[in-house]
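Engineer: After the sequence you'll find the predicted model.
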Amino acid sequence: MAEKNELSIVRNIGIMAHIDAGKTTTTERILYYTGRSYKLGEVHDGNAVMDWMEQEQDRGITITSAATSCTWKSNKINIIDTPGHVDFTVEVERSLRVLDGAVAVFCAVGGVEPQSETVWRQAEKYGIPRIAFINKMDRAGADFERVVTMMEERLGTNPAVVQIPVGKEAEFEGVIDLIEGKMYTFDEESLGQEIIVNEIPEAYRDSFTAAHMVLIEKLADFDDEIMENFLEDTPVSATEIYRALRKATLELNVVPVLCGSAFKNKGIQPLLDSIIHYLPSPLDIPPVEGLGKEDEMVSRKADEKEKMSALIFKLMSDAYVENLAFIRVYSGIIKVGDKVFNPVKKKKEKISKLIRLHANKREEVDTLSAGDIGAVIGLKFSTTGDTLCSSGDYIILESMDFPEPVIGVAIEAKSKADEKKLEETLEKIAMEDPSFRIAKNEETGQTIISGMGELHLEIIVDRLLNEFKASANVGKPQVSYKETISATAEAEGKFDQLTGAKGQYGHVVITVEPLGRGEGVLFESNVKEDQIPGEFLGAIERGVRDSLDAGPLIGYPLTDIKVTLIGGSYSEEESTEMAFGISSAMAIRRAAVEAKPLLLEPIMNLEIVSPDEYLGDVMNDLSSKRAKVVGVDAVDNLQVVRAHAPLAEMFGYSTSLRSATQGRANFTMQFEKYDVVQKSRADEIIRKIRGI
């Protein structure tokens, strides 16, 4: 626990990047050099500390955010190593929500890749200060300047280069520090533990002087003292540069850029120094804000004396322990034995165990305080995005938005006896992963599980069968379509029934109208209190929203629709919430049929990197998949093709791309938007799903 007044030495950071840029290897080196690990873990050997899940070790990728903490030069660093694969983007989202700073790792060969852009935008959304580490400087094709230019062009950021590389590719030796004016190389025999400090070689003097001047010029834009020195042509001290660079980084004006090779143990200690120099402590971030009891804004400072407030950013369950709830404590102290309040669920919870995390190793502690990241075991009601606060207090911290899943598979228990276990296990996984959904198809009786992509579902099924030992048959992946409407319609729903001694009466008139793509569902009431009392409006809205879960075409959810309650009637004796819920569901079903329903399909954003000679084959293959090419860029002897394509056409795309390019092209794909399916194609899909 950080002692009083010691929050200034705490850093809560995330390591984020595109898949395969070297995030996990970078984190492994950080743990080694800070003494947290005593041997170097390697992703390709399947023994990386942070990739502890069996599925991660098998595939050599990060799937779940792993949390750990370490100490560097008396500072405490809490680290979350986030996944780079687009299917697990929700893991990045919820980690960034609770972090104060981030290290963005870029591959010196690939540069700014699609998922780097996605995680960068997520960090922008939460206003997180970042530093950039250009990794893999030892690889063939490494180009430091090109990556810095890509950061400016693709990310629209302002990189402040604080190191330049000495040599590149196989000749990469070390780095020149533009602030200290020294060259650092890393002793290979001590696995990079020993740093050799030298004067800058003559061959690099001019490069150093030019890069140092660019850094000073850049900082002069944000710092008056440096501007004064710059105009008067007087030298700027290292202390002044550190101070100005920290201030500009925290204000999101610049991003310090470093370089190295994590795999070859070069450049990690200067990266650790930069985390301390430039990234914020909990004291540097503004007080956290949330909603009070009367919907007024309430704030809490990062201080142990404040009332306690914490956000649950992730739940984790496995086959052996109760639920683990990862929390970020923003203010106050949380102790074992405390009774706390969850204002979202309006329930009290007891803190039975608190733990600090080191990947999947757990260390029990008595308290967690402001600025800490840890976990609580055994919460009964709380889920991801909920707030915990002191008993008697009330503050709801801003939660997180989770994307809609785009792909589903049918799943069923192998026998009647296995049904209950399968159901419970699916609920456990859904509680842990907000981007995973379970739905029952009313027409077929099938259970459909949905996720962010083929790999996401593959991992979930793998965990179901191997970790939780559930017996199930799994179908082929299916696209998660949606439905919408293209016209305005009005409909009436009336439920008037005698049940026992008391009647049930509800009567509504609604209109539905289409909204723009991506606008979701809006509900509005235009009725007066004497037509339908306000106490029934909640039941009517619930009835409407529940009915929109199944559209009129093939039972997929309806979206981009506005529902307005324009009329109805009630009976003082016989109207009930249930009757209004049923009548609004009847009205919605009628209106949706009249409003010319349309089918929507998920469109994916594709980026394909291919050698020049295969560009024609790649384009032909894309046109056969209903893809629209939105841009082609040449980079050296490679072509980078950006396209939008329906997910339905992309199953097995890696195989067809490999055969079209003799295995020399690769691609990344992420969800872009939902769009209308052409009528002829929609009819074909509807017939197929209905089994006609």
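Structural biologist: Ah, there it is. Residues are numbered from 1 along each chain as shown.
Engineer: show me where pLDDT drops low in the stretch 451-600 of the chain?
Structural biologist: Applying pLDDT under 70 to the stretch 451-600 of the chain flags the ranges 453, 455, 498-501.
Engineer: can you give me the strands in it?
Structural biologist: 472-474, 478-479, 482-485, 489-499, 502-514, 521-525, 561-569, 597-611 (DSSP state E, counting those that start in this stretch).
Engineer: Give me the contact list for the host helix or strand of A132.
Structural biologist: Using DSSP states H and E, A132 sits in strand 130-135. Applying Cβ atoms under 8 Å, 6 or more residues apart in numbering, the external contacts of strand 130-135 come out as 21-22, 25-26, 101-108, 120, 123, 144, 147-148, 151, 159, 249, 255-262, 267, 271, 274-275, 278-279. Any C-beta I mention is one placed from the backbone N, CA and C, and that applies to glycine too.
Engineer: Inside strands: which ones of those?
Structural biologist: Those of those mapping onto strands are 101-107, 159, 255-259, per DSSP state E.
Engineer: of those, closest to V563?
Structural biologist: Nearest to V563 out of the ones in strands among the contacts of strand 130-135 is A102 (Cβ to Cβ; 40.1 Å).
Engineer: longest helix in this protein, by residue count?
Structural biologist: Longest helix of the chain, by residue count under DSSP state H: helix 577-594.
Engineer: quick one on the thing from earlier: quick check: the farthest pair among the ones in strands among the contacts of strand 130-135?
Structural biologist: Between any two of the ones in strands among the contacts of strand 130-135, the greatest separation by Cβ to Cβ is 21.1 Å, found for G101 and C107.
Engineer: mind listing what E672 touches?
Structural biologist: By Cβ under 8 Å, 6+ apart, the residues touching E672 are I603, M604, N605, H644.
Engineer: Of those residues, which is the most crowded?
Structural biologist: M604 (23 neighbours; other Cβ atoms under 10 Å).
Engineer: and that residue, bridged to which residues?
Structural biologist: A645, F671 (DSSP bridges).
Engineer: one step back: adding distance to M669, write the strands of the stretch 451-600 of the chain out as a markdown table.
Structural biologist: Converted to a markdown table, the strands of the stretch 451-600 of the chain look like this (distance: least, Cβ to Cβ, whole Å):
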| stretch | distance to M669 |
| --- | --- |
| strand 472-474 | 22 |
| strand 478-479 | 13 |
| strand 482-485 | 19 |
| strand 489-499 | 36 |
| strand 502-514 | 28 |
| strand 521-525 | 27 |
| strand 561-569 | 28 |
| strand 597-611 | 5 |
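Engineer: Of all the ones you listed, which one comes closest to L548?
Structural biologist: strand 521-525 (5.9 Å).
Engineer: what lines up beside the closest one in the sheet?
Structural biologist: In the sheet, strand 521-525 lines up against strand 561-569 (parallel) (DSSP bridges).
Engineer: Next one: V409 from S415, what distance?
Structural biologist: 19 Å (Cβ to Cβ, to the nearest Å).
Engineer: which one of those two has more residues nearby?
Structural biologist: Set side by side, V409 and S415 show more neighbours around V409, with 20 against 8, by other Cβ under 10 Å.
Engineer: The more buried one should be in a strand, yeah?
Structural biologist: Yes. Applying DSSP: H, G, I helix; E, B strand; the rest coil, one finds V409 inside a strand.
Engineer: hey, what's A102 bridged with?
Structural biologist: G14, R130.
Engineer: neighbours around the residue nearest to T447 when sequence neighbours are not counted, how many?
Structural biologist: Leaving aside its sequence neighbours, T447 sits nearest to I411 (Cβ to Cβ, 6 or more residues apart in numbering; 5.4 Å). The number of residues packed near I411 is 21, by other Cβ under 10 Å.
Engineer: Just list the residues touching the nearest residue to L324 once chain neighbours are set aside, thanks.
Structural biologist: Excluding its sequence neighbours, the residue lying closest to L324 (Cβ to Cβ, 6+ apart) is M316, at 4.5 Å. Contacts of M316 were listed using Cβ under 8 Å, 6+ apart, and they are T64, N323, L324, F326, A375, E432.
Engineer: For M316, give its distance to D366.
Structural biologist: Applying Cβ to Cβ, the value for M316 to D366 is 22 Å.
Engineer: With respect to D233, which of the strands of the stretch 451-600 of the chain lies nearest?
Structural biologist: Distance to D233, taken as Cβ to Cβ, is lowest for strand 597-611 among the strands of the stretch 451-600 of the chain, at 45.6 Å.
Engineer: List the buried residues in that closest one.
Structural biologist: 597-610 (16 or more other Cβ atoms under 10 Å).
Engineer: try stretch 190-207
Structural biologist: Those buried within stretch 190-207 under the rule 16+ other Cβ under 10 Å are G192, I195, I200, Y204.
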